[in-house]
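Enquirer: Following is a predicted model, sequence given first.
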Amino acid sequence: MPQLRLDTPVQFLKGIGEKRAEVLARLGVHSVQDLLYHIPHRYIDASTLTPMAHARVGDDVACAGTVISKGVLPTRKGLRIFHAVLRDASGVLECAWPGQAFLDRTIIVGQQLLVAGPIRFYHGRQMAPRELIVLGDPDDEAAGRVLPVYPAAEGISHKQIRAIIDGHLDAMLGVVTDILPDTLRAQFSLPTLRDALLAVHHPTTTAEAERGRRRLAIDELLDLQLMLARARALAREGERGTQFTVHRTLTTALRAGLPWELTADQKQAIREIFDDMTGRARMHRLLMGDVGTGKTVVALFAMLLALENDYQAALMAPTELLAEQHYQSLSRLLAPLGVVPELLLGRLTAADKRAARQRLTSGETRIVIGTHALVQEAVAFQRLGLVVIDEQHRFGVEQRAALMHKGDAPDVLLLTATPIPRSLALTRFGDLDMSVLKMRPPGRGVIRTALRTPMHRNRVFDFVRHAVQEGAQAYIVLPVIEESERADLRAAETMAASLTARWPDVRVGLVHGKLKAPERDRVMRAFRDNEVQLLVATTVIEVGIDVPNASIMVIEHPERFGLAQLHQLRGRVGRGERESHCILMIAGAETPERLRAFAQTDDGFKIAELDLAERQHGDLLGARQSGSVDFKIARFPDDTDLLAEARALARTILESDPLLNHRENQALRLRALTRYPRGETLFRVG
Ligand code: ADP
Ligand code: MG
């Protein structure tokens, strides 16, 4: 056999013929390198066997012993359970495999078994094994080892893969070279690549395996962080912004006149924004804060800093309703300062629009609030210094870019109520600057989230009716899913009609996505003004609407919503002083665990992590939608801390060698560019 190399096709390895090579190819394993990086997705820890007599209910243990009896027991529900009783020197243990009656054909009395799993209480101690290994089989010297379990495929078992990797591991490790310079490895206390691979494939403890995996994950994340850091550096070099000066005229006046104290988070965010705006580089900052955390006033401070410097500021919102809402609240805050904002909407008459544009061009208007009407070509500013985009994800990239290109490189502040898990933010945006508002202003009523089943339906609706009679307003939200859109909309209409019939004295409104925008706005306005007391709605109410008097939300079929979406919905209540209620009407008799978790937390970031995990799960099942970068070894959210480490590593490397030209960094550069070929231009001089 010729000298082994990383790019040697696996087909030439002993024990792998053409057939197996084909099967391995389906797992993405073509070369020796692929085989080395085909890492276990879990481990069976048989390194510490528990004597059966010591296995306690609630423990998760591994035991080995002889089968002394076995059989299949049917249950009343028709499920067939395979049972076996094992014995070791210390005692006996009963094991049960529900639904796996077929094991009766493979397991025989007298055989040695290794089992691992949780011990529960069921007429005594019983293990529900997660793992089962028949010992004494020459391939399997499992007892006393931590056994890797590899992703397998039809035609090749994880055991066969384990045998192949075991057989070639030494030879393969012999041709591995570490791509990270030793000094850096030492600085970040990382194991060598060879040690990491050995630990992953042949660990003595699961902790050792995990340390190895993390080193491999860092390598993988480093490639992306190198790209992102380079992109960011180029953007900074290229984009000179306006260097504002804090004159403390308008900004100080605003602070002095506020009817409440800013939260510590708001103060911190304002400091970060002012640091950016007074710096030389153009600001490009994301202000992230759950609904109700008070992003608007933070943005107002930024706008006033621009005004103090004789620049104009623009605030763009995704709907006319939201733009109006901002206009009203900002007008109130600005009145004492003698600043009069302008409102620019698509529905203004042509003459009004022309006049508004005229005031922008002449510089008479200093602050403008509007919808995407702001990005129309005809809109020109006298001197635009700051652009604020509310609910930024609701705009297309081109719309955001169009506003950012008005004026001479205005600073940019993006607002979002959708907490982005740190892992996603770092992979998707890399070095985007971010300020976070976590705390809510004091004095808000709490939101209680309750889970209710069909049994409670009447009581829930009595409760709603009672609260409405007492003067509160309420939302009833129904899902609309594309496949069943027609039926769903009918359900919303039916709900509105039946409530109107049932409660003739309650003013009921209905909004859904199929209504024309003016009609929808009309109903929403009526709700805002308390002309409508009970609003039946589909998810169109998700965005920013602020009705402090609305304190009840009933969500029908919560199972059909994503967790992040539920959280956005819930944020519509709890805006006033009154205690608020969010009631999830579950259709079935059982409460899904995810909804229970949701009901228990109000932390938007935590929910975002749960939501992300859920969607990644969805990806595995084939419903791809998260838009994140794919990783083979790194896992989220578990590896979030590694992202920060990879980012620090990338920065350290680029600090002394921005284009990765040094000899010791050549291999790094090559690997990163192999993975991200489009990053080429980022590493060219010029
Ligand atoms: P969001 O972050 O959801 O956009 P808003 O900016 O609309 O939140 O603020 C929600 C409400 O809280 C507004 O009525 C605003 O005036 C009020 N608010 C903002 N900051 C504070 C504060 N520090 N103390 C009390 N109320 C505040
Ligand atoms: Mg807002």
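Expert: That came in fine, so what should we check first? The structure presented is a predicted model; accordingly, all values stated were derived computationally and were not measured. Ligands and ions are numbered 1, 2, ... in the order given.
Enquirer: Just the buried positions in the helix or strand hosting Val523, please.
Expert: If you go by DSSP states H and E, Val523 is part of helix 517-528. For helix 517-528, burial by neighbour count (16 or more other Cβ atoms under 10 Å) applies to 520-521, 523-524, 526-528. Placement of C-beta: from N, CA and C, glycine included.
Enquirer: could those be laid out in JSON lines, adding pLDDT and distance to Tyr327?
Expert: As requested, these are exported to JSON lines (pLDDT from 0 to 100; distance: Cβ to Cβ, whole Å):
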{"residue": "Arg520", "pLDDT": "85", "distance to Tyr327": "19"}
{"residue": "Asp521", "pLDDT": "84", "distance to Tyr327": "14"}
{"residue": "Val523", "pLDDT": "91", "distance to Tyr327": "20"}
{"residue": "Met524", "pLDDT": "89", "distance to Tyr327": "15"}
{"residue": "Ala526", "pLDDT": "93", "distance to Tyr327": "19"}
{"residue": "Phe527", "pLDDT": "93", "distance to Tyr327": "18"}
{"residue": "Arg528", "pLDDT": "91", "distance to Tyr327": "13"}
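Enquirer: Now for the closest residue to ligand 1 within the stretch 101-250 of the chain, how many residues are close by?
Expert: Closest to ligand 1 within the stretch 101-250 of the chain is Leu250: 17.8 Å, counting by Cβ to the nearest ligand atom. Leu250: 22 surrounding residues under other Cβ atoms under 10 Å.
Enquirer: unless I'm mixing things up, it is touching Pro336, no?
Expert: No: between Leu250 and Pro336 there is no contact under Cβ atoms under 8 Å: 10.7 Å.
Enquirer: picking up where we left off before, any residue of the helix holding Val523 up close to ligand 1?
Expert: No: judged by Cβ under 6 Å from any ligand atom, helix 517-528 makes no contact with ligand 1; its nearest approach is 12.9 Å.
Enquirer: following that helix, which helix or strand comes up?
Expert: Following helix 517-528 in sequence, per DSSP H and E, is strand 534-537.
Enquirer: Tell me the helices and strands packed up against that following strand.
Expert: strand 473-477, helix 485-502, strand 508-511 (3 or more Cβ pairs under 8 Å, 6 or more residues apart in numbering; DSSP states H and E).
Enquirer: That one: partners in the sheet, and parallel or antiparallel?
Expert: Paired neighbours of strand 534-537 in the sheet (DSSP bridges): strand 473-477 (parallel), strand 508-511 (parallel).
Enquirer: so the first one versus helix 485-502, what angle?
Expert: This points to strand 473-477. 150 degrees (axes from the mean of the first three to the mean of the last three Cα atoms, to 10 degrees).
Enquirer: Strand 473-477 versus helix 517-528: what angle between them?
Expert: 140 degrees.
Enquirer: pLDDT weak spots in the stretch 401-550 of the chain?
Expert: By pLDDT under 70, the low-scoring segments of the stretch 401-550 of the chain are 421-432, 481-483, 541-545.
Enquirer: give the contact list for the residue of the chain most remote from its centre.
Expert: The centre of the chain is farthest from one residue, Gly110, which by Cα atoms, centre = their mean lies 50.3 Å away. Taking Cβ atoms under 8 Å, 6 or more residues apart in numbering, we find Gly110 in contact with 66-67.
Enquirer: what's the answer for the one 4 residues further on, then?
Expert: The contact partners of Leu114, taken as Cβ under 8 Å, 6+ apart, are 46, 49, 62-64, 131-135, 142-143.
Enquirer: neighbour-wise, which of these leads?
Expert: Of all the contacts of Leu114, the highest neighbour tally under other Cβ under 10 Å goes to Cys63, namely 26 neighbours.
Enquirer: bridging residues for that one?
Expert: Cys63 has the following beta-bridge partners by DSSP bridges: Val115.
Enquirer: Sticking with the most centrally placed residue in the chain, tell me its helix or strand.
Expert: Against the mean C-alpha coordinate of the chain, by Cα atoms, centre = their mean, the closest residue is Leu612 at 3.6 Å. According to DSSP H and E, Leu612 maps onto helix 604-620.
Enquirer: Val460 too?
Expert: Using DSSP H and E, the element containing Val460 is helix 457-469.
Enquirer: List every C-alpha atom in that helix, with coordinates, as CSV.
Expert: What follows is helix 457-469, C-alpha atoms only, in CSV (Å, rounded to 0.1, in the frame of the first residue of the first chain):
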residue,chain,number,x,y,z
ARG,A,457,-62.8,26.9,28.3
ASN,A,458,-65.9,28.3,29.8
ARG,A,459,-64.1,29.5,32.9
VAL,A,460,-61.4,31.3,30.7
PHE,A,461,-64.0,33.1,28.7
ASP,A,462,-66.0,34.1,31.8
PHE,A,463,-62.8,35.5,33.1
VAL,A,464,-62.2,37.5,29.9
ARG,A,465,-65.7,38.8,29.9
HIS,A,466,-65.5,39.9,33.5
ALA,A,467,-62.2,41.7,33.0
VAL,A,468,-63.6,43.5,29.9
GLN,A,469,-66.6,44.6,31.9
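Enquirer: pull the CA atoms of the helix holding Val523 into CSV?
Expert: C-alpha atoms of helix 517-528 as CSV (Å, rounded to 0.1, in the frame of the first residue of the first chain):
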residue,chain,number,x,y,z
ALA,A,517,-53.8,47.7,5.1
PRO,A,518,-56.2,50.7,5.6
GLU,A,519,-58.9,48.5,7.0
ARG,A,520,-56.5,46.7,9.3
ASP,A,521,-55.1,50.1,10.5
ARG,A,522,-58.7,51.3,11.1
VAL,A,523,-59.4,48.4,13.5
MET,A,524,-56.1,48.6,15.2
ARG,A,525,-56.6,52.3,15.8
ALA,A,526,-60.1,51.6,17.2
PHE,A,527,-58.5,49.2,19.6
ARG,A,528,-55.8,51.6,20.6
